[in-house]
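Enquirer: heads up, no residue letters with this:
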């Protein structure tokens, strides 16, 4: 006897409810792993100030910060603070980590946005072109390019881009989010949104907009090409599969032109795996952003994380890594939602 299929709306709500329930233990496990991993390294006070303070001073500082208490007490206190959005205060510059996440996190979000744009602009057209010229010279060339940009280390691509386009040709700036003059001008106007391009557009200064965009080109290309390599292969493989599907054959039999068959029927379904993979690529991009931001001195979370690691400020490292883990978990959930809306099959 065939089981009764749930209505589409009910199946969607059940699927989203299940994903939301699974999100809670996922976030808890991530926060717990980060906390105990950092405690295995040692207490943050000794890590940051050991060798500069006497044992008595270290003990006093640890007692003030609460690191002399049992680990399980510190753990539950940290969980409570995270639930309130309090990730602690850095030892290096005494900034609230929530402030670091807000100001420097905006720079990372801006970089990831440009990188995703590069990934789509480069990856999708090249993937379609590779599928169209299957096993011919354009296809082989594009596949080789996708493997190279995916396999090459992010920092290596960034250094090559700086040497070529900045040092050798002088076309683009090699570091920062904007020139000093632009930053000062935007700072004088007040009301910063922490998104450099948004502030430049709000200022109405065309020169500032161009300056911000020029500074974003090399970091965005460096990080975006990494994901573009994945998109190229996904689009190519899925497009080759969908053009052989029965519904595409039926569309051809009805006299639909080949261009419309590919663009309207095959290509739309070939994009579904790209949406699914985007959640995983966010994690990859955030990891690549650490190296990209350090290479180009892009003042985002990745760059700040590297500075706090050098300063052995494990409170800041713990807070930033926890926040990144939360962003990845929530982003994964949102991608599941989008995927369920795009492809009804995943709801059942």
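Expert: Arrived safely, thanks for sending. Here the structure is a predicted model, which is why all the values come from computation and not from measurement. Numbers count the residues shown, from 1 in each chain.

Enquirer: was I right to think residue 224 contacts residue 112?
Expert: No - shown here, residue 224 and residue 112 do not form a contact pair, counting by Cβ atoms under 8 Å, at 9.2 Å. For every residue, glycine as well, the C-beta is placed using N, CA and C.

Enquirer: residue 240: what's it in contact with?
Expert: Residue 240 makes contact with 131, 134, according to Cβ atoms under 8 Å, 6 or more residues apart in numbering.

Enquirer: buried residues in the one helix or strand it maps to?
Expert: Counting by DSSP states H and E, the element that carries residue 240 is helix 206-242. By neighbour count on 16 or more other Cβ atoms under 10 Å, the buried set for helix 206-242 is 208-209, 211-212, 215-236, 238-240, 242.

Enquirer: before we move on, what about stretch 85-99?
Expert: In stretch 85-99, counting by 16+ other Cβ under 10 Å, buried: 87-91, 97-98.

Enquirer: so how far is the helix holding residue 240 from its chain's centroid?
Expert: In terms of Cα atoms, centre = their mean, to the nearest Å, the centre of helix 206-242 is found 13 Å from the chain centre.

Enquirer: from the contact counts, what lies against the host helix or strand of residue 315?
Expert: Taking DSSP H and E as the definition, one finds residue 315 inside helix 314-342. When contacts are defined as 3 or more Cβ pairs under 8 Å, 6 or more residues apart in numbering; DSSP states H and E, helix 314-342 packs onto helix 8-41, helix 44-49, helix 97-132, helix 272-296, helix 301-310.

Enquirer: looks to me like residue 175 is in a helix.
Expert: No - counting by DSSP: H, G, I helix; E, B strand; the rest coil, residue 175 is located in no helix; its state is coil.

Enquirer: in this structure it contacts residue 294, no?
Expert: No - counting by Cβ under 8 Å, residue 294 is not a contact partner of residue 175; they are 10.4 Å apart.

Enquirer: how far off helix 301-310 does the helix holding residue 315 point, in degrees?
Expert: Interaxial angle, helix 314-342 versus helix 301-310 (axes from the mean of the first three to the mean of the last three Cα atoms, to 10 degrees): 150 degrees.

Enquirer: now helix 314-342 and helix 8-41, what's the angle there?
Expert: 160 degrees.

Enquirer: in helix 314-342, what's buried?
Expert: Buried residues in helix 314-342, defined by neighbour count with 16+ other Cβ under 10 Å: 314-329, 331-333, 335-336, 339-340.

Enquirer: and residue 67, backbone torsions?
Expert: phi -90, psi 0 (degrees, to the nearest 10).

Enquirer: for it, the count of nearby residues, please.
Expert: 19 (other Cβ atoms under 10 Å).

Enquirer: equivalent analysis for residue 200, please.
Expert: The burial count for residue 200: 22, using other Cβ under 10 Å.

Enquirer: check residue 188 too.
Expert: For residue 188, using other Cβ under 10 Å, the count is 8.

Enquirer: now residue 111
Expert: 29.

Enquirer: quick one, what contacts it?
Expert: 216, 219-220, 223, 289, 292-293, 298, 300.

Enquirer: pLDDT and distance to residue 126 for these - can I get that in TSV?
Expert: Formatted as TSV, the contacts of residue 111 follow (pLDDT from 0 to 100; distance: Cβ to Cβ, whole Å):
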residue	pLDDT	distance to residue 126
216	89	21
219	91	21
220	90	17
223	87	17
289	77	23
292	86	21
293	85	26
298	87	26
300	85	27
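
Enquirer: need those in a markdown table with distance to residue 107, can you?
Expert: Shown next, in a markdown table, are the contacts of residue 111 (distance: Cβ to Cβ, whole Å):
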| residue | distance to residue 107 |
| --- | --- |
| 216 | 10 |
| 219 | 10 |
| 220 | 12 |
| 223 | 13 |
| 289 | 9 |
| 292 | 11 |
| 293 | 8 |
| 298 | 6 |
| 300 | 4 |
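
Enquirer: and which of those is nearest residue 149?
Expert: residue 223 (10.8 Å; Cβ to Cβ).

Enquirer: one step back: so the helix holding residue 315 versus helix 97-132, what angle?
Expert: Using the same axes, to 10 degrees: helix 314-342 against helix 97-132 is 40 degrees.

Enquirer: helix 314-342: how far from the chain's middle?
Expert: For helix 314-342, the distance to the chain centre is 9 Å (Cα atoms, centre = their mean).

Enquirer: mind listing what residue 122 touches?
Expert: Applying Cβ under 8 Å, 6+ apart to residue 122 gives the contacts 224-225, 228, 231-232.

Enquirer: for the helix or strand harbouring residue 200, give the mean pLDDT please.
Expert: Residue 200 belongs to helix 196-203 when elements are defined using DSSP H and E. Averaged over helix 196-203, pLDDT sits at 82.

Enquirer: going by neighbour count, list what's buried in it.
Expert: 196-197, 199-200, 203.

Enquirer: likewise for stretch 149-161?
Expert: In stretch 149-161, counting by 16+ other Cβ under 10 Å, buried: 149-150, 154-155, 157-158, 161.

Enquirer: show me the shaky parts of the stretch 101-250 of the chain.
Expert: 189-192, 245-249 (pLDDT under 70).

Enquirer: try it again with 80
Expert: Along the stretch 101-250 of the chain, segments meeting pLDDT under 80 span 132, 180-194, 203-205, 238-250.

Enquirer: check the gap between the residue nearest to residue 23 when sequence neighbours are not counted and residue 25 for me.
Expert: Counting by Cβ to Cβ, 6 or more residues apart in numbering, residue 333 is the residue found nearest to residue 23 once chain neighbours are left out, at 5.1 Å. For residue 333, the distance to residue 25 equals 13 Å [Cβ to Cβ, to the nearest Å].
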